[in-house]
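Undergrad: sequence unknown, structure follows:
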């Protein structure tokens, strides 16, 4: 039995971390699956899904659970993997897909599934290793994912806390609308917080969220590092206004628009 278990772990490690063609095909298949599940969890809160879609949720839960077990067995340190945030997020998402089988499908369950967005960081790492285009645009992609995850996580918090308290927030789209108008300091005033909890949450979003939001948006359009291989030592990433390479001191001529800030 132990020998069979060891062979199973070795096989799974080969699939998830190997360099063979079979391993690469497997990981590309997982990438496609992760992208599709992320798209499903993002779209689902915006549409009303009847009970016929529960079967799809249960099937998805089974697939995610099997993938989780496979990753656990393939991990070099399973205990460390179980305690990781990504592992906890996956468990919560799997649970949120199964709970409707035993209880009423609470509205916030579809929002909790937004934790699956944490998988986008894994996607970025895998795509970066597979594509030179992703490596060249690392800063932009990382900031875009950070911004995307941040907006949807904050929206989930707003929705869960205010859907039964605030008459202006009746669905996930209302929560997203309030979050974006708050983060951009637009504040049209058609949705306002009327309870103490909501007002405290808005204050926190404005103090911490606005600064982070603006920083992420700035990084997307103006990457923090410029991609320019040093002709002497080959260092590829420099400050946008760099004159000398930090690694070897060689003069570098980085093309700019003259307006870095």
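TA: Yes, it's here. Quantities reported herein were computed from a predicted structural model and do not represent experimental measurements.
Undergrad: When you work out contacts or count neighbours from here on, use the C-alpha atoms and nothing else.
TA: Fine.
Undergrad: what residues are up against residue 95?
TA: residue 61 (CA atoms under 8 Å, 6 or more residues apart in numbering).
Undergrad: so where does it fall, helix or strand?
TA: In this assignment (DSSP states H and E), residue 95 forms part of helix 85-98.
Undergrad: in that helix, what's buried?
TA: Residues of helix 85-98 classed as buried by neighbour count (16 or more other CA atoms under 10 Å): 86-87, 89-98.
Undergrad: Closest to residue 250 out of these?
TA: In terms of CA to CA, no member of the buried residues of helix 85-98 lies closer to residue 250 than residue 86, at 41.6 Å.
Undergrad: Quick check: that closest one vs residue 170, distance?
TA: 30 Å (CA to CA, to the nearest Å).
Undergrad: same thing with residue 147?
TA: Distance from residue 147 to residue 170, by CA to CA: 24 Å.
Undergrad: Which one's more surrounded, those two?
TA: Neighbours per residue (other CA atoms under 10 Å) separate residue 147 from residue 170, with residue 147 holding more: 19 against 14.
Undergrad: any idea of the pLDDT on the more buried one?
TA: Residue 147 is assigned a pLDDT of 80 by the prediction.
Undergrad: what's the longest helix belonging to the chain packed up against?
TA: When the chain is parsed with DSSP state H, its longest helix is helix 138-162. Here helix 138-162 touches helix 108-112, helix 119-130, helix 172-183, helix 196-204, helix 210-221, going by 3 or more CA pairs under 8 Å, 6 or more residues apart in numbering; DSSP states H and E.
Undergrad: tell me the angle that helix makes with helix 172-183.
TA: Helix 138-162 and helix 172-183 are oriented at 120 degrees to each other (axes from the mean of the first three to the mean of the last three CA atoms, to 10 degrees).
Undergrad: Listing request: residues of the chain with sub-threshold pLDDT.
TA: By pLDDT under 70, the weakly predicted segments of the chain are 1, 45-53, 100-139, 219-225, 256-261.
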